[in-house]
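>>> 3D model of this:
(one chain, ligands or ions: 2)
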Amino acid sequence: MLIKAEKVLSTTQVKEIRKILESSQWVDGKVTAGIQSSQTKNNLQIPEDSDTASQLQQILLPALAQHPVFNAAALPLRVYPPLFNRYNEGMSFGAHIDNAVRFIQSAGLRIRTDVSSTLFLSDPDEYEGGELVIQDTYGEQCIKFEAGDMVVYSANSLHRVNPVTRGTRWASFFWSQSMVKDDGQRRTLFDLDQSIMKARAELGESHDIVLSLTGVYHNLLRQWTEL
Ligand SMILES: O=C(O)CCC(=O)C(=O)O
Ligand SMILES: [Fe+2]
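Ligands and ions are numbered 1, 2, ... in the order given. Now for the predicted structure:
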């Protein structure tokens, strides 16, 4: 599963976040990496428990909560407070799979990482290299979106960030525990959701087909949800 969630943040919000990021303290990204991934991780991050991180999370979390594609794709039960990273020229993150379970310190809760997301905070022309390369069922996908757009993908995928060869790549990344653990079931629900959206637009809200497909969606969700 690999889905593009467009315009999670407006241009104004991206500018606001970038301004804060550009005057922040940064630490070695290895602080949140597992043993294996720390060996190939070469980037910088905002400390998780800093005031800056919580200030930025307060901008981002409401934007995520209201984004239709993110919600349809991830079906989030719990969202890890978004982290912020930066790759200067020469920095990269080698192939790895994210840890399956993470602890949300502020909430005292464990989260199973079903879905990973990277929200781009720089435009593609600001840097060279720095693609997020995700091993998907259809092969390797090279992702580099406009600032404000986000990729949502299964956390069980091998992925890496290519070396940045010019400029700086800024991003936010986080995990979600999904109400639907199984990747294939989540994908089926997403496809059905998108088809219902099209049917609603073309046939109207109260068309028989729309009503019955919406019923099927909810009955599948009821069968597959774990809360
Ligand atoms: O920078 C990114 O797009 C991904 C970062 C990542 O894979 C990680 O921190 O686990
Ligand atoms: Fe990762």
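>>> reduced to three states, what does residue 93 come out as?
Using DSSP: H, G, I helix; E, B strand; the rest coil, the structure places residue 93 in strand.
>>> quick check: it vs residue 180, distance?
For residue 93, the distance to residue 180 (CB to CB, to the nearest Å) stands at 28 Å. Just so you know, the C-beta spots here come from the backbone N, C-alpha and C atoms, and that holds for glycine as well.
>>> which strands and helices sit next to the helix or strand harbouring residue 133?
Using DSSP states H and E, residue 133 falls within strand 132-136. Counting contacts by 3 or more CB pairs under 8 Å, 6 or more residues apart in numbering; DSSP states H and E, strand 132-136 packs against strand 139-143, strand 150-154, strand 159-161.
>>> mind checking the SS state of whichever residue of the chain sits closest to ligand 1?
Closest approach between the chain and ligand 1, counting by CB to the nearest ligand atom: residue 118, at 3.6 Å. Here residue 118 is recorded as strand under three-state DSSP.
>>> over to residue 148?
Three-state assignment for residue 148 (three-state DSSP): coil.
>>> which SS class is the closest residue to it other than its chain neighbours?
Residue nearest to residue 148 in three dimensions, not counting chain neighbours: residue 9, with 4.4 Å by CB to CB, 6 or more residues apart in numbering. Following three-state DSSP, the label given to residue 9 is coil.
>>> pLDDT score assigned to residue 9?
Per-residue confidence (pLDDT) for residue 9: 98.
>>> I'd guessed it sits against residue 17; true?
Yes: judged on CB atoms under 8 Å, residue 9 makes contact with residue 17 at a distance of 7.1 Å.
>>> need the residues touching each of the two.
Counting by CB atoms under 8 Å, 6 or more residues apart in numbering, the contacts common to residue 9 and residue 17 are 59, 60.
>>> least confident secondary structure element in this structure?
Within the chain, no helix or strand scores below helix 35-38, which has a mean of 78 by mean pLDDT, DSSP states H and E.
>>> quick one: the helices in this structure?
Using DSSP state H, the helices assigned to the chain run over residues 11-22, 35-38, 51-65, 68-74, 183-203, 208-224.
>>> export these to CSV and tack on distance to ligand 1?
Putting the helices of the chain into CSV (distance: least, CB to the nearest ligand atom, whole Å) gives the following:
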stretch, distance to ligand 1
helix 11-22, 14
helix 35-38, 7
helix 51-65, 14
helix 68-74, 16
helix 183-203, 18
helix 208-224, 27
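>>> ok, and what's touching the strand ranked longest in the chain?
With secondary structure taken from DSSP state E, the chain has its longest strand at strand 169-178. If you take CB under 8 Å, 6+ apart as the criterion, strand 169-178 is touched by 17-18, 21, 56, 60, 74-87, 98, 102, 111-122, 126-127, 130, 155, 161, 186.
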